[in-house]
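Peer 1: sequence first, predicted coordinates after that:
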Amino acid sequence: MKKRQPLFHVVKREQAGPSRQILAYVAAVVLALSVGAVLLTVQGVEPVTFYRQLLTMGIPGSRYPWRSVENFIKLFVPLLITSMALALAFKMRFWNIGGEGQFIMGAFWAGFAAMKLGEILPQPLMVLVMTLCGALGGGLYGVFVAALKVRFDTNETLLTLMLNYVALYFLQYFAETKTEWNFFLDANSARPKFAKFPENSQMLTIPIGPFQLNLSLLAAAVICVLLYIYLNYTKRGYEIAVVGDSPNTARYAGMRVGKIVIRTIFLSAALIGLAGAFQVSSAGVLSTSITNDVGWTGVVVAWLAKLNTVGIVAASLLITVLQFGCQAASTAYPSIDANFANLLQGVILFIVLAADFFTRFKLVPRSRKEAVK
Amino acid sequence: MNDPINVLTLFLFNIILVNIPLLYGTVGEILVEKSGSLDLGVEGTMAIGAIFGYLAGCAANSLAVGLLVSFLTAGLCGLLFSLLTVSLQANQNVTGLTITTFGLGLYFFVGKGIGERWPAMTASEGLVKGYASLEFPLLSKLPVIGKALFSHNILVYLGIAIAIAVWWYLNFTKTGLRLRAVGENPGAADSVGVNTLLYKYVHLIVGSGIMGLGGFYMALYMSGSFEGSNCWINGYGWIAIALVIFANWNPALAILGTLVFGFFNTLQIYSGPLAGVFPGPLGWLNAIPPQLYKALPFLITAIVLVASSVRKREGSGQPAALGLNYFREER
């Protein structure tokens, strides 16, 4: 009687070199763009022209090219910081998918500060206060899940997911309730509408010719460098890696796992809240769609980059180019909108997830002799 | 509209009509989670089932074709999820979220691409007839509950039938019990000869297919009118994930849970009329902000989640290996 045996068996591979991984990414992007091209052709859109417009993001030939760059930065910074922060949690295998909620809370409390103190404080101090309020708001919203996880082993994936929607409807309540005490709304508008912040709460900018460099970009760059150092060259960063690999090892080595988890998640959620504060401060007004889905997209970016700090900068640039470029290109095509970027993003990640397997494992064909035995 | 009995009847009728798609999503997700997979792609899977099921149903002018295609296309999402997470060991959270991103992207891409040529549901006699209310003889003539319970379209009853069938399958059949073993401890199930790989694949595909049916229902409920800004599913996929927890991974309880969540969901629209016709006992309804009703499913679920982890109760239906990939060579 013949015994059934699988054709291959799967063996763990030693860590593959970076060249192999970079190759996999380039292949994934090219493949995704090809899939997109086929879909575009089916829709009767010329893919080459569309992609050229997507990749140039409508900047050449524009009358105000610097405006596009400014808008690009406004889209890029929140995504970059959020992805960095999520990667921090993921490194510890804490599945913080509550980025949306923490971002909203950050934006909400920054907005709170702007509406209450915007007339009083000078601009630099005001922006700083907003940033701190945002970080604290987001951080507290996240850390309480971490405390429950540590104390009761509550499932953090599901809990953070639920809290996203609680935060969203909380913000919607303030957006849609016209009463006397609701100082978030524009008093002059008959329909409920968020009021513009006082001038002083606008994010600071550095003028370079006609171009206004958003200060949040510099802040994001500093945060990236600090996080890189924190993760790779400090004791606390090392502790995160150990807890992520094996909480038991960490405990055995005398680390206080609960404390590390709570500290790291507070940092992660606070950074996301800070991204929310940057976002509202740059926009100058609250909105119920303030997150622009960065809480979800950040997960994609962090994973594309394998939680690597440098990789996250590259991946969030790529995703922002796709999203911003799609917006710009779609103005010429009524049948396509920014959602096409989501489609491409999905395909890229599917391919990367699949390719990942082959960098982590290898298939060894079962030899004939063994199969006969 | 001003007759109190009439308002009450419509309120009860809508609790069921509007919220049964949730039941489909929930039952599908329960089947998936019982195999040990946490699929966060419900929203995207339902969207794909909805749009392709609707388009096929219109093209073939038949409800059955629509149901079949929505089941199959959503099942493909399940197949993709199992390929990536079961065979290729990819992270489940990330894969699920990506399916949602991709699914919604494809939904809008296809819908916008069709544009002017979008088929109207009224043009398809098969769908209109198939979705029409079925009046139970005698029972539907009862006051209030006759209309509220016994004069719904066939998909309402199909959803409840599927929920009961899955409940029976999970509790009283050999394969169902084996499936639960796979979700609790795949290594142990594997060692006694259960083909864990096959179990995970099949249930991910069938579970996703059931979610797709719910999407198709949503398409018909929205009379198939495509809007560029809002997806038909409109967050039902996420509520379904919450409902799985609320129902403690039990499809029979999911029916009850659908009614509870549906009650709040529908109250959001009916609080005005109800307060209007019963100003005395229900006048306070007007004072509750509608956003609270929207947040309640998530708030309640968060509380349930925390409470059950605090009490560590025995009867929790959460599969022990939920969200963990099973790598055979590491057994």
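Peer 2: Nice, I can see it.
Peer 1: for the rest of this, base every contact and every neighbour count on C-alpha atoms.
Peer 2: OK.
Peer 1: which bits of the stretch 101-250 of chain A sit near chain B?
Peer 2: Applying CA under 8 Å from any CA of the partner chain, we find that the stretch 101-250 of chain A lies next to chain B at A:148, A:152-155, A:158-159, A:162-163, A:165-166, A:169-170, A:172-173.
Peer 1: could you list which of these belong to helices?
Peer 2: A:148, A:152, A:158-159, A:162-163, A:165-166, A:169-170, A:172-173 (DSSP state H).
Peer 1: domain map for chain A?
Peer 2: A:1-45+A:336-373, A:65-332 (automatic domain parsing).
Peer 1: for the stretch 101-250 of chain A, just list every one of the strands.
Peer 2: A:205-208, A:211-214 (DSSP state E, counting those that start in this stretch).
Peer 1: which neighbours does the first one have in its sheet, and in what orientation?
Peer 2: Going back to what we said before, that points to strand A:205-208. strand A:211-214 (antiparallel) (DSSP bridges).
Peer 1: what's next to the partner strand, contact-wise?
Peer 2: A:66-67, A:70, A:73-74, A:203-207, A:282 (CA atoms under 8 Å, 6 or more residues apart in numbering or on different chains).
Peer 1: for stretch B:104-118, same thing?
Peer 2: A:43, A:334-337, A:339-343, B:43-44, B:47-48, B:51, B:226, B:228, B:231.
Peer 1: which among these count as buried?
Peer 2: For these, a burial check counting by 16 or more other CA atoms under 10 Å in any protein chain shown picks out A:43, A:335-337, A:339-343, B:43-44, B:47-48, B:51, B:226, B:231.
Peer 1: what sits against residue 90?
Peer 2: Looking at chain A here, since you left the chain open. Going by CA under 8 Å, 6+ apart, A:F90 touches A:96, A:307.
Peer 1: meant chain B, my bad for not saying
Peer 2: A:353-354, A:356-357, B:84.
Peer 1: can you redo these as a markdown table with pLDDT, neighbour count and distance to A:E199?
Peer 2: A markdown table is the format used below for those (pLDDT from 0 to 100; neighbours: other CA atoms under 10 Å in any protein chain shown; distance: CA to CA, whole Å):
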| residue | pLDDT | neighbour count | distance to A:E199 |
| --- | --- | --- | --- |
| A:L353 | 88 | 22 | 45 |
| A:A354 | 88 | 19 | 49 |
| A:D356 | 82 | 20 | 48 |
| A:F357 | 82 | 18 | 51 |
| B:L84 | 94 | 22 | 50 |
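Peer 1: what about stretch A:259-275, distance to the chain center?
Peer 2: Taking CA atoms, centre = their mean, to the nearest Å, the mean C-alpha location of stretch A:259-275 is offset from the chain mean by 14 Å.
Peer 1: what does it rub up against?
Peer 2: Outside stretch A:259-275, the residues touching it (CA under 8 Å, 6+ apart) are A:77-79, A:81-82, A:85-86, A:88-89, A:92, A:99, A:102-107, A:131-132, A:134-143, A:146-147, A:150, A:236, A:239-240.
Peer 1: what subset of these is buried?
Peer 2: Neighbour-count burial (16+ other CA under 10 Å) applied to the contacts of stretch A:259-275 gives A:77-79, A:81-82, A:85-86, A:88-89, A:92, A:99, A:102-107, A:131-132, A:134-143, A:146-147, A:150, A:239-240.
Peer 1: which residue packs closest to B:C58, ignoring adjacent ones?
Peer 2: The shortest distance from B:C58 to any non-neighbouring residue, by CA to CA, 6 or more residues apart in numbering or on different chains, is to B:S124 (5.7 Å).
Peer 1: OK, contacts around that neighbour?
Peer 2: Applying CA under 8 Å, 6+ apart, the residues near B:S124 are B:58, B:61-62.
Peer 1: measure it to chain A for me?
Peer 2: 24 Å (CA to the nearest CA, to the nearest Å).
Peer 1: ok, now how distant is that residue from A:A283?
Peer 2: Per CA to CA, to the nearest Å, B:S124 is found 46 Å from A:A283.
Peer 1: all the helices of the chain, residue numbers only.
Peer 2: Since you didn't name a chain, this refers to chain A. A:18-42, A:47-56, A:65-91, A:99-117, A:123-152, A:156-176, A:215-233, A:235-245, A:247-252, A:257-283, A:294-304, A:309-330, A:339-360, A:368-372.
Peer 1: other chain: chain B
Peer 2: B:4-34, B:42-60, B:63-82, B:92-114, B:125-131, B:145-150, B:154-172, B:174-184, B:186-191, B:196-221, B:236-246, B:251-277, B:279-282, B:290-311.
Peer 1: for A:S287, which of those is the nearest?
Peer 2: helix B:290-311 (15.3 Å; CA to CA).
Peer 1: need the helices of chain B in JSON lines (columns: mean pLDDT).
Peer 2: JSON lines is the format used below for these (pLDDT from 0 to 100):
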{"stretch": "helix B:4-34", "mean pLDDT": "91"}
{"stretch": "helix B:42-60", "mean pLDDT": "95"}
{"stretch": "helix B:63-82", "mean pLDDT": "96"}
{"stretch": "helix B:92-114", "mean pLDDT": "92"}
{"stretch": "helix B:125-131", "mean pLDDT": "85"}
{"stretch": "helix B:145-150", "mean pLDDT": "80"}
{"stretch": "helix B:154-172", "mean pLDDT": "94"}
{"stretch": "helix B:174-184", "mean pLDDT": "92"}
{"stretch": "helix B:186-191", "mean pLDDT": "90"}
{"stretch": "helix B:196-221", "mean pLDDT": "95"}
{"stretch": "helix B:236-246", "mean pLDDT": "91"}
{"stretch": "helix B:251-277", "mean pLDDT": "88"}
{"stretch": "helix B:279-282", "mean pLDDT": "77"}
{"stretch": "helix B:290-311", "mean pLDDT": "88"}
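Peer 1: for A:P122, find the nearest of those helices.
Peer 2: Nearest to A:P122 among those is helix B:290-311 (35.3 Å), distances taken as CA to CA.
Peer 1: who touches that closest one?
Peer 2: For helix B:290-311, the external contacting residues (CA under 8 Å, 6+ apart) are A:148, A:152-155, A:159, A:162-163, A:165-166, A:169-170, A:172-173, B:239, B:242-243, B:245-246, B:261, B:264-265, B:267-268, B:316.
Peer 1: for PyMOL, what selects the buried ones among those residues?
Peer 2: Typed into PyMOL, the line below selects the buried ones among those, using 16+ other CA under 10 Å:
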select buried, (chain A and resi 148+152+154+155+159+162+163+165+166+169+170+172+173) or (chain B and resi 239+242+243+245+246+261+264+265+267+268)
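Peer 1: please report the distance of the residue nearest the centre of chain A from B:F11.
Peer 2: The centroid of chain A falls nearest to A:G298 when counting by CA atoms, centre = their mean (2.2 Å). Using CA to CA, one gets 40 Å for the distance from A:G298 to B:F11.
Peer 1: and for B:S229, the neighbour number?
Peer 2: 7 (other CA atoms under 10 Å in any protein chain shown).
Peer 1: now it. Its backbone dihedrals?
Peer 2: phi -100, psi -30 (degrees, to the nearest 10).
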